[in-house]
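Visitor: Fold the following and give me the result.
(one chain, ligands or ions: 3)
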Amino acid sequence: MVVATPNPIRSEKIRNIELPIIDLSAERPEVSGLIVRACQEFGFFKVINHGVSQDVIARMESQSLEFFAKPVPEKQLAGPANPHGYGSKNIGFNGDVGEVEYLLLSTNSASISQMSNVISPHDPTPFRYGDWNPTRYLIKFETDLLVVPSISCELYFDPKLLVLDSSAARRYVEAVRGLACEILELMAEGLWVSDTSAFSRLIRAADSDSLLRLNHYPPLTEDSDKSPSSFRRIGFGEHTDPQILTVLRSNGVGGLQISLEDGVWIPVAPDSSAFCVNVGDVLQAMTNGRFVSVRHRALANSYQPRMSMAYFGAPSLHARVCSPPELVTPQRPRLYRTFTWAEYKKAVYTLRLGDGRLNIFRSRTVDEE
Ligand SMILES: C=C1C[C@]23C[C@@]1(O)CC[C@H]2[C@@]12CC[C@H](O)[C@@](C)(C(=O)O1)[C@H]2[C@@H]3C(=O)O
Ligand SMILES: O=C(O)CCC(=O)C(=O)O
Ligand SMILES: [Fe+2]
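Guide: Ligands and ions are numbered 1, 2, ... in the order given. The predicted structure is shown next:
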């Protein structure tokens, strides 16, 4: 007798709620008020009229598509993800898996431009510094794909970024970082924090630890198991984003879901004119719990490939995370102790994808501070 196993995803409750869509071209006080409300209620919202040029987005999307369309052995030259680089199915270092392949890149502009200076298509003697190292990386300039040895030298750089046209990636990162800073300043204004750069300053820092992640969720293949249980697959399991703010775009294929109450998932409709923005753990801590870092996940579509591009705005490793004074009051005592992003990141990478980490940083009692 064949016993049908219920698909855990299918039996979950799904509720259709439209996330707030905030028009950034509206009046500033109105926009900041709407953003604050969305971050308190949902931790997620969409922005339209965001000012990021369609051309910058289109170039980055086509780079991303081009990368994922390459044969696996070529993509693997940019791996393994440790944590930066190309990864497939394995997420992080603690056994998490999903139906996703990805490229995780540091956005540290100093390191990118150092590398571009070292390897320049117009420079007849491109490799000027350091000793040769046998590791091979894919380096792409304009339309040429070269496989060259990387160099190990005292300058820090992330050669894996160069699997993409570095100018497309740099422009995209600059544009989304600008958008993230604008949103963080609107948040500070809406919360009546007098230092309106208190949040944005952290991701503007030249040594900020921000990341760009390109995710590709392949559909089922011709020879895949077509039983009902294989139809809706977990692409990226449930988690919260550890950083300050995430700015995400996807192609027209849905899959992102957020969880507001236990067991109820809310699908986020794909929208090519919008960016989806969400509060990260560090912003929950910095707002002293006013804003919520909400659990979310991505399902892989059975028929169409989903692609998403996420910018994670993070502080620099040594930056201290604490709430501005206006957000700590006798009625709302400090919820989290001060910590550095390096400390938090260490906890993130020690734990599993779905583990909560902010609780480790809760203030014990006000007296202990
Ligand atoms: C399993 C893991 C992957 C992750 C680091 C972690 O140990 C727990 C958090 C994961 C996450 C989720 C949001 C981002 O995609 C990410 C880059 C991050 O900062 O935290 C990933 C990490 C990763 O894939 O390296
Ligand atoms: O692909 C998506 O829509 C979500 C990806 C995500 O949550 C992440 O990369 O942290
Ligand atoms: Fe996420």
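
Visitor: Name the nearest residue to A188, ignoring sequence neighbours.
Guide: Among residues not flanking A188 along the chain, T196 sits closest, at 4.4 Å (Cβ to Cβ, 6 or more residues apart in numbering). Every residue, glycine included, has its C-beta placed from N, CA and C.

Visitor: likewise W192?
Guide: Nearest non-adjacent residue to W192, counting by Cβ to Cβ, 6+ apart: E326, 6.1 Å away.

Visitor: residues touching the one you found, list them.
Guide: Counting by Cβ atoms under 8 Å, 6 or more residues apart in numbering, E326 touches L191, W192, V193, S194.

Visitor: picking up where we left off before, now the residue nearest to A188: which helix or strand?
Guide: Following DSSP states H and E, one finds T196 outside all helices and strands.

Visitor: ok, so what distance separates it from ligand 2?
Guide: Distance, T196 to ligand 2, using Cβ to the nearest ligand atom, to the nearest Å: 27 Å.

Visitor: Also P219?
Guide: Using Cβ to the nearest ligand atom, P219 is found at 14 Å from ligand 2.

Visitor: right, and A300 touches R233 too?
Guide: Yes: using Cβ atoms under 8 Å, A300 makes contact with R233 at a distance of 4.5 Å.

Visitor: Would you mind telling me which of those two has the busier surroundings?
Guide: More crowded of A300 and R233, by other Cβ atoms under 10 Å: A300, with 24 against 21.

Visitor: residues in contact with the more buried one?
Guide: Contact analysis of A300 by Cβ under 8 Å, 6+ apart lists G98, E99, V100, Y217, P218, P219, R233, I234, G235, G255, R306.

Visitor: Of the residues you listed, just the buried ones, ChimeraX syntax please.
Guide: This is how ChimeraX selects the buried members of the contacts of A300, with burial counted by 16 or more other Cβ atoms under 10 Å:
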select :98,99,100,217,218,233,234,235,255,306
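
Visitor: Which ones among the contacts of A300 map onto strands?
Guide: Residues of the contacts of A300 located in strands (DSSP state E): G98, E99, V100, Y217, R233, I234, G235, R306.

Visitor: mind checking how far stretch 211-220 is from the chain centre?
Guide: In terms of Cα atoms, centre = their mean, to the nearest Å, the centre of stretch 211-220 is found 11 Å from the chain centre.

Visitor: State the mean pLDDT of it.
Guide: What stretch 211-220 shows for mean pLDDT is 94.

Visitor: Okay, buried residues for it please.
Guide: By 16+ other Cβ under 10 Å, the buried positions in stretch 211-220 come out as L211, L212, R213, L214, N215, H216, Y217, P218, L220.

Visitor: and the second one, that's in a helix?
Guide: Going back to what we said before, that points to L212. No: remark: L212 does not belong to a helix; assigned using DSSP: H, G, I helix; E, B strand; the rest coil, it is strand.

Visitor: Go ahead and confirm it touches H84.
Guide: No: L212 is beyond contact range of H84, at 9.9 Å (criterion: Cβ under 8 Å).

Visitor: quick one, strands of the stretch 151-300 of the chain?
Guide: 211-217, 233-239, 245-250, 256-261, 264-267, 275-279, 296-300 (DSSP state E, counting those that start in this stretch).

Visitor: list the helices and strands the one helix or strand A38 maps to packs on?
Guide: Using DSSP H and E, A38 maps to helix 28-41. Packing contacts for helix 28-41, counted by 3 or more Cβ pairs under 8 Å, 6 or more residues apart in numbering; DSSP states H and E, involve strand 21-23, strand 44-48, helix 166-190.

Visitor: Let's see that with 7 Å instead.
Guide: Judged by 3 or more Cβ pairs under 7 Å, 6 or more residues apart in numbering; DSSP states H and E, the packing partners of helix 28-41 are strand 21-23, helix 166-190.

Visitor: distance between the shortest one and the chain's centre?
Guide: It stands for strand 21-23. Counting by Cα atoms, centre = their mean, strand 21-23 comes out at 20 Å from the chain centroid.

Visitor: Show me what counts as buried in the helix holding A38.
Guide: Neighbour-count burial for helix 28-41 flags V31, S32, L34, I35, V36, A38, C39, Q40 (criterion: 16+ other Cβ under 10 Å).
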